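Q: got a predicted structure plus its sequence, pasted below:
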Amino acid sequence: MNALNWFEIPVADMDRAQAFYEALLAKPLRREAMGPATLAVFPYEQERGVGGALILGGYAPQPSPQGSLVYLNLMGDLPLAEVIARAVAAGARIVLPRTELPDGIGVIAQLQDTEGNRIGLHAAA
């Protein structure tokens, strides 16, 4: 069982945010309506994975260096340096550069996305 099962990243401009995250991850996000909100769902394994989405409506981005931080899993097939370069080209700002974690846990970085959200990236060692 996962302690986390769903996350939402609030956005002000869904087209801009979806284009950013699709460029970042080199994967499409699935757009769907959820009541008055619009979601762009990240790819995940529905049986065992943790799901999440961009969300437009309901609440707005609150750019802040404090608060919750979601780390996106690069799933071993995306080199962190390449993802960071794509993110910057798509409008991100680096908040924490590539950082090695101890004991072979992997590498991380933190970015500010096009909506002002702070997000983390994690890649296995």
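A: Good, I have the coordinates.

Q: excluding its backbone neighbours, what's nearest P36?
A: Excluding the flanking residues, the one nearest P36 by Cβ to Cβ, 6 or more residues apart in numbering is G57, at 5.2 Å. The C-beta positions use only the backbone N, C-alpha and C, and glycine is treated the same way.

Q: what does L29 give?
A: Per Cβ to Cβ, 6+ apart, closest to L29 is A40, 4.1 Å.

Q: equivalent analysis for A12, please.
A: That would be E115: by Cβ to Cβ, 6+ apart, it lies 5.5 Å from A12.

Q: what's the answer for T38, then?
A: Looking at T38 with Cβ to Cβ, 6+ apart, the closest residue is L56, at 4.5 Å.

Q: quick one: residues contacting the one you found.
A: The contact partners of L56, taken as Cβ atoms under 8 Å, 6 or more residues apart in numbering, are 10-14, 17, 37-39.

Q: now swap in N117 and tell me
A: Taking Cβ under 8 Å, 6+ apart, one finds 9-11, 61, 63 in contact with N117.

Q: can we see that at 10 Å?
A: Applying Cβ atoms under 10 Å, 6 or more residues apart in numbering to N117 gives the contacts 9-12, 17, 54, 61-64, 67, 69-70, 111.

Q: need the residues that contact stretch 94-108.
A: Taking Cβ under 10 Å, 6+ apart as the rule, stretch 94-108 contacts 65, 69, 71, 73-74, 76, 79-81, 83-84, 87-88, 109-112, 118-125.

Q: part of a strand, is A81?
A: No. A81 is assigned helix when assessed by DSSP: H, G, I helix; E, B strand; the rest coil, not a strand.

Q: please name the nearest non-neighbouring residue to it.
A: R98 (6.6 Å).

Q: how close does that neighbour get to P28?
A: As for R98, its distance to P28 is 26 Å (criterion: Cβ to Cβ, to the nearest Å).

Q: host element of G91?
A: Using DSSP states H and E, G91 maps to neither a helix nor a strand.

Q: thinking it is in contact with D13, fair?
A: No. Counting by Cβ atoms under 10 Å, G91 sits too far from D13 to count as a contact (11.1 Å).

Q: sweet, I'm off.
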